[in-house]
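Visitor: take a look and give me a structure for this.
(2 chains)
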Amino acid sequence: MIIYGTALLAVCHLLGIFLGDLLGQALGVKTNVGGVGIAMLLLIFARLYMAKKDILPKLTELGVEYWGAMYIPVVVAMAAQQDMVSALRGGPVAVLSALAAAGTCACVIAVINRTERVTVDVAPEPILHDNPLLADAE
Amino acid sequence: MIEILQKAAAQNGLVTAFAIVGLIVLLSGQISRRLTFGRVHGSAIAIVIGLGLAYWGGTQTGGHKGLADMSLFGGIGLMGGAMLRDFAIVATAFEVQATEARKAGMIGVVALLLGTVLPFIVGAGIAWSFGYSDAVSMTTIGAGAVTYIVGPVTGAAIGATPDVMALSIATGLVKAIIVMVGTPIAARFLALKTPRSAMVFGGLAGTVSGVSAGLAATDRKLVPYGALVATFHTGLGCLMGPSVLFLATKALVG
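Guide: You can find the predicted model right below:
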């Protein structure tokens, strides 16, 4: 059943957000700490566990993969509701600090990534490449 | 006729949003193929079109949510809101290879710390050079350069003035937009090829929206790795902003 996959995704999502909120509260910050990241880790572990137990039929996988493939359209919708007007109205301080911060980080990223050994340079193929939904999204 | 159509679209907001975004993606795919001969990724063009529409929506309504403030396009707000965005990001984790993610764990943490401290120093420094020389304003604007959520959270915690808060949010928004649009252009310079490099990028570039959109427009396969690290960015920033970073700034400028 395709809903099993979507429900698994939903449970991981909710549990991750919940744990992230708990972590935020424990650390005394007013925000969620890594909830989505925790949810992603939960989903990774759930997939490994279920694949090993052989309780992960293709249809269940599709219930998750559909949402993974919807990712780019969702990002486009997200872009369409950014507060562009006030971002541009922020003036030189906002634009300059944003540019300088992004530029500095870009240089550090470039330096760190160039230290990566060439032996691991081949990007591993994602596991689910027979999935037409995801092939389309790429 | 038009009225009935408008009513149907407004009452079925999310469905309308699916249709509109589908249209945008279709259009940008054609632009990518016909005008740039595949050199500019279709997703990158779609995101730029989205940002353009957001600007148009913002000027039309005077609201803060771009196109989503227009009643006809309200569904865009749901489709691109935090709930579905995070749902889709979590779903991409299904493709993560656990061994790859573990290999880059340590460097991811280092990147996260650098990604919080470096933008903060740069942002606070520029704020200082523009005359915002008190510790509270410097910290708030510096935190805004981390992400547009860290800025206001930090500002509220240390009691910044509303105009400095607005400036801080604007800084974060501009940074997110720069990352969204700039990543595909700078992908070669950033050496964005492997899962490890995507995790370094996710930690340093910050802002889930910027990282996820930037990677989506560069290489869809790298998205989950970058997002996995980037989601800790806001939490870490909110943790360090009003505490360590504020105290350090205060010690420096008094």
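
Visitor: I'd like the average pLDDT over stretch A:32-39.
Guide: The average pLDDT for stretch A:32-39 rounds to 79.

Visitor: quick one: it to chain centroid distance?
Guide: Relative to the centre of its chain, stretch A:32-39 is centred 10 Å away, using Cα atoms, centre = their mean, to the nearest Å.

Visitor: is chain B contacted by that stretch?
Guide: Yes - counting by Cβ under 8 Å from any Cβ of the partner chain, chain B is contacted by stretch A:32-39 at A:32-37, A:39. The C-beta positions use only the backbone N, C-alpha and C, and glycine is treated the same way.

Visitor: which of those ranks first by neighbour count?
Guide: Most neighbours among the residues of stretch A:32-39 next to chain B, by other Cβ atoms under 10 Å in any protein chain shown: A:Ala39, with 29 neighbours.

Visitor: now do the helix or strand encompassing that residue: which elements does it pack against?
Guide: In this structure, A:Ala39 sits in helix A:35-53 according to DSSP states H and E. Helices and strands touching helix A:35-53, by 3 or more Cβ pairs under 8 Å, 6 or more residues apart in numbering or on different chains; DSSP states H and E, are helix A:2-27, helix B:82-92, helix B:98-103, helix B:223-240.

Visitor: ok and that helix relative to helix B:82-92, angle-wise?
Guide: Calculated by axes from the mean of the first three to the mean of the last three Cα atoms, to 10 degrees, helix A:35-53 forms an angle of 40 degrees with helix B:82-92.

Visitor: contacts made by helix A:35-53 with the rest, please.
Guide: A:8-9, A:12-21, A:23, A:56, A:64, B:86, B:89-94, B:96, B:98, B:101, B:208, B:224, B:227-229, B:231-232 (Cβ atoms under 8 Å, 6 or more residues apart in numbering or on different chains).

Visitor: domains in the chain, as residue ranges please.
Guide: No chain in the question, so chain A it is. What automatic domain parsing lists as the domains of chain A is A:1-82, A:84-117.

Visitor: hm, I was asking about chain B
Guide: Chain B is divided into the following domains under automatic domain parsing: B:2-80, B:95-253.

Visitor: just put the domains of chain A in TSV and tack on distance to B:Met1.
Guide: Compiled in TSV, the domains of chain A are given as follows (distance: least, Cβ to Cβ, whole Å):
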stretch	distance to B:Met1
domain A:1-82	26
domain A:84-117	32
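
Visitor: correct me, but B:Leu173 touches A:Gln81?
Guide: No - the pair B:Leu173 / A:Gln81 is not scored as a contact, 11.8 Å apart, by Cβ atoms under 8 Å.

Visitor: any regions of the chain where pLDDT drops low?
Guide: You didn't say which chain, so I picked chain A. For chain A, residues meeting the criterion pLDDT under 70 lie at A:29-31, A:90, A:117-138.

Visitor: that's the wrong chain, I wanted chain B
Guide: B:38-40.

Visitor: mind listing the helices for it?
Guide: Assigned by DSSP state H, the helices in chain B fall at B:2-11, B:13-34, B:42-61, B:74-79, B:82-92, B:98-103, B:105-129, B:135-144, B:150-158, B:162-186, B:195-205, B:208-218, B:223-240, B:246-253.

Visitor: can you give me the buried ones in the second one?
Guide: What that stands for is helix B:13-34. B:13, B:16-18, B:20-21, B:24-25, B:28-29, B:31-32 (16 or more other Cβ atoms under 10 Å in any protein chain shown).

Visitor: check the fifth one too.
Guide: Burial within helix B:82-92, assessed by neighbour count using 16+ other Cβ under 10 Å, is assigned to B:84-92.

Visitor: before we move on, what about the last one?
Guide: The neighbour-count check on helix B:246-253 (16+ other Cβ under 10 Å) flags B:246, B:248-249 as buried.

Visitor: also the third one?
Guide: For helix B:42-61, a neighbour-count test (16+ other Cβ under 10 Å) marks B:42-51, B:53-58, B:61 as buried.

Visitor: what subset of those is also close to chain A?
Guide: Okay, of those touching chain A (Cβ under 8 Å from any Cβ), that's B:43, B:46-51, B:53-55, B:57-58.

Visitor: thinking again about what came up before, export the helices of chain B to CSV and tack on distance to B:Ala68?
Guide: As requested, the helices of chain B are exported to CSV (distance: least, Cβ to Cβ, whole Å):
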stretch, distance to B:Ala68
helix B:2-11, 13
helix B:13-34, 9
helix B:42-61, 7
helix B:74-79, 3
helix B:82-92, 12
helix B:98-103, 33
helix B:105-129, 27
helix B:135-144, 22
helix B:150-158, 20
helix B:162-186, 15
helix B:195-205, 25
helix B:208-218, 14
helix B:223-240, 21
helix B:246-253, 33
